[in-house]
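**Q** sequence plus the predicted model coming up.
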Amino acid sequence: MKNWRTIATTAAIACALTAPAAIGSNTARADELADLRANQQLLQQRLDQMAQAAAAPGAAVVTAGSFPRSFLIPGTETSLQIAGQGVGSVIFYLHGSATGGALNGQGSFNETFTDGQGGTGNLANIPLNGSQAHARSTWLEFSGKQSQIRLEARTPSPWGVIKGFVSFDFSASNTNTILNVNEGSVNGYIPRFREGYAVVGPLLAGQTWGTMVDLDSAPEVLDFGGQTGGEFVARTPQVRYTIPLPAYGVSLAVAAEQPNPLIAGPFGTFYPDTNQIPTAAACPATTSTTPAPATNVTNACLGNAAFFDPAQQFLPMFAARARWDQAWGHLQLAAAATNYELNDGRYLDKNYEGWSIHITGDVKPWQNVLPGAWQRDDITFGITGGIGGGDQTANNVGLATNYGGGIGVGPGAAVAAFNSTSNYNGPAAARQAYDAAVRARLINSFAARIGYEHFWTDKVRSQVDFSMNHNDVPGALITTNGASGTGAVNKELSLVHVNLIWSPAAFVDTGVEAAWGHRVVVNNTKGDAYTLQTVLKVKF
């Protein structure tokens, strides 16, 4: 009996002790249920508000699009991305900046090259040793011209993805234009069309990077002019068809692109008809005073190369590429064929066919070998060569001609050397003899580049790279008395970059870069440029 009383007493005490806890537990559960009901009611209210807003006239709800950072345009299946970058750059030419239009072409900084001294920048125009420009080639330049806006739209279709893309920046060139006080609070920079193209499945038409361009084989440099000796770095109008073979990581592409061959003559290099200004004012010039008294003649206010530009675009530039992508990097093989035509509308009509081959790629040497950030290190490379490949390699010349120089055939020689042959109205026989004496030759050229990218941490990295290109331009063809053919046309260009880049956030890049550029012209005169550049870039 005593044991039963003890058990009963213990049970009663236990019930007395646990009752408040049980009551508290039930109370807590009740509070939690109340909170859940309140949250559910609030959520329902918000859903009702969204439904009412969507039902209201003109209302729209933003929905994520089909590709990263895009949104779905309400009422359509089209995804739209608005992106770009804001850029601030400071570049200090310790020596070697190309000069502007003042002081008879030996003035201050040429604003065409605010992007840097790279392959599409200052490099090909470094002042040569001994020139007046060489003594004035130190300059400090602040710029935001590389800021960009990009718009991309994609829509699914039975033919594959339909895509439209447009981009622009503010780097339009104002070559040979004197922009006084252009670096004040207001300047003359204007938007520049960079890219604009349409894609339907495998077919692309419009303006974008050339088919042979391999951006993944280019190092990350702050110099907006990039390397020299790379594939046709310009964005160019084209029609391209791409065939992907995903099972093997291979893609094939063929294209017809806008031709833009670079030609060397006795007065320098020129592209087809890009220098002539039909409405240019006339400039009086005084002839020699011996043996006869001085007389005035009239010439257009243009660079000499504009007088003697017989280049004509007759066929597109044809390009093809094969690319192999793997985890360790990629390899690309590309080839191009370029047509050159010289036609002055009189008796000259000649055609030449050039070609070039490009091998490019990148390799991640320490992937799965070294730990941490080392796995992201990358070696980039490229090598090109050809005969008459011309501008399909950055800064290369495709054809050399003696047209425009004093060839020495009758009276036509004097006219051709010192006036516009297009306006020559002398004896037809003399002009016919001159045109018959015109010669041209495709130029052998080659180029190479290599770069190494090292990640110190996930947010800090460095690049070092070297690039060069060489043209065997025949000096005899472009030599003329009193002109600058052999003293202006480039034979060899070299460029080195070393930088340190920090990305404090995924969408921010900032860093500092040193660069050295070297230029050699056909007559072996040389020039060097040294720059320091800093950039702050915010991508959006």
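**A** Okay, I see it. Residues are numbered from 1 along each chain as shown.
**Q** and the strands in the stretch 1-150 of the chain?
**A** Remark: strands assigned in the stretch 1-150 of the chain by DSSP state E, counting those that start in this stretch are 63-64, 71-72, 79-95, 139-143, 148-155.
**Q** tell me which of those strands lies nearest to G226.
**A** strand 79-95 (14.1 Å; C-beta to C-beta). Just so you know, the C-beta spots here come from the backbone N, C-alpha and C atoms, and that holds for glycine as well.
**Q** give the pairing partners of that closest one; include direction for each.
**A** strand 71-72 (antiparallel), strand 139-143 (antiparallel), strand 148-155 (antiparallel), strand 526-539 (antiparallel) (DSSP bridges).
**Q** those strands into JSON lines, with extra columns for distance to Q432?
**A** Shown next, in JSON lines, are these (distance: least, C-beta to C-beta, whole Å):
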{"stretch": "strand 71-72", "distance to Q432": "66"}
{"stretch": "strand 139-143", "distance to Q432": "49"}
{"stretch": "strand 148-155", "distance to Q432": "52"}
{"stretch": "strand 526-539", "distance to Q432": "41"}
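**Q** need those in a markdown table with mean pLDDT, distance to Q367 and mean neighbour count, can you?
**A** Formatted as a markdown table, the strands paired with strand 79-95 follow (pLDDT from 0 to 100; distance: least, C-beta to C-beta, whole Å; neighbours: other C-beta atoms under 10 Å):
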| stretch | mean pLDDT | distance to Q367 | mean neighbour count |
| --- | --- | --- | --- |
| strand 71-72 | 93 | 35 | 16 |
| strand 139-143 | 86 | 37 | 17 |
| strand 148-155 | 96 | 30 | 18 |
| strand 526-539 | 96 | 26 | 19 |
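**Q** quick one: which of the ones you listed is nearest Q312?
**A** strand 526-539 (32.4 Å).
**Q** how far off centre is that closest one?
**A** 15 Å (C-alpha atoms, centre = their mean, to the nearest Å).
**Q** quick thing: my sequence starts at 371, can you match it?
**A** Sure, I'll start counting at 371 from here, so that last one is strand 896-909.
**Q** dump that strand to PDB, restricted to CA.
**A** The C-alpha coordinates for strand 896-909 follow below in PDB (Å, rounded to 0.1, in the frame of the first residue of the first chain):
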ATOM      1  CA  LYS A 896      61.900  54.400 -85.600                       C
ATOM      2  CA  GLY A 897      59.700  55.800 -82.800                       C
ATOM      3  CA  ASP A 898      58.700  54.800 -79.300                       C
ATOM      4  CA  ALA A 899      55.800  55.500 -77.000                       C
ATOM      5  CA  TYR A 900      55.600  55.000 -73.200                       C
ATOM      6  CA  THR A 901      52.300  55.300 -71.300                       C
ATOM      7  CA  LEU A 902      50.700  54.900 -67.900                       C
ATOM      8  CA  GLN A 903      47.000  54.400 -67.800                       C
ATOM      9  CA  THR A 904      44.400  54.000 -65.100                       C
ATOM     10  CA  VAL A 905      40.800  52.900 -65.600                       C
ATOM     11  CA  LEU A 906      37.700  52.700 -63.400                       C
ATOM     12  CA  LYS A 907      34.900  50.700 -65.100                       C
ATOM     13  CA  VAL A 908      31.400  50.000 -63.700                       C
ATOM     14  CA  LYS A 909      29.400  47.400 -65.700                       C
END
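**Q** thinking again about what came up before, which of the strands paired with strand 449-465 sits closest to P607?
**A** Going by C-beta to C-beta, the one of the strands paired with strand 449-465 nearest P607 is strand 518-525, 18.2 Å.
**Q** contact partners of the closest one?
**A** 435-437, 440, 443, 446-455, 457, 531-539, 564 (C-beta atoms under 8 Å, 6 or more residues apart in numbering).
**Q** sorry, back to before: show me the one of the strands paired with strand 449-465 that comes nearest I757.
**A** So among these, strand 896-909 is nearest, using C-beta to C-beta, at 25.9 Å.
**Q** can I see the domain layout of this structure?
**A** The domain map for the chain lists 393-428, 441-643+679-773+808-909, with the assignment taken from automatic domain parsing.
**Q** out of these, which one sits most buried?
**A** domain 441-643+679-773+808-909 (a mean of 19; mean count of other C-beta atoms under 10 Å).
**Q** and the end-to-end length of it?
**A** In terms of C-alpha to C-alpha, to the nearest Å, the two terminal residues of domain 441-643+679-773+808-909 are separated by 18 Å.
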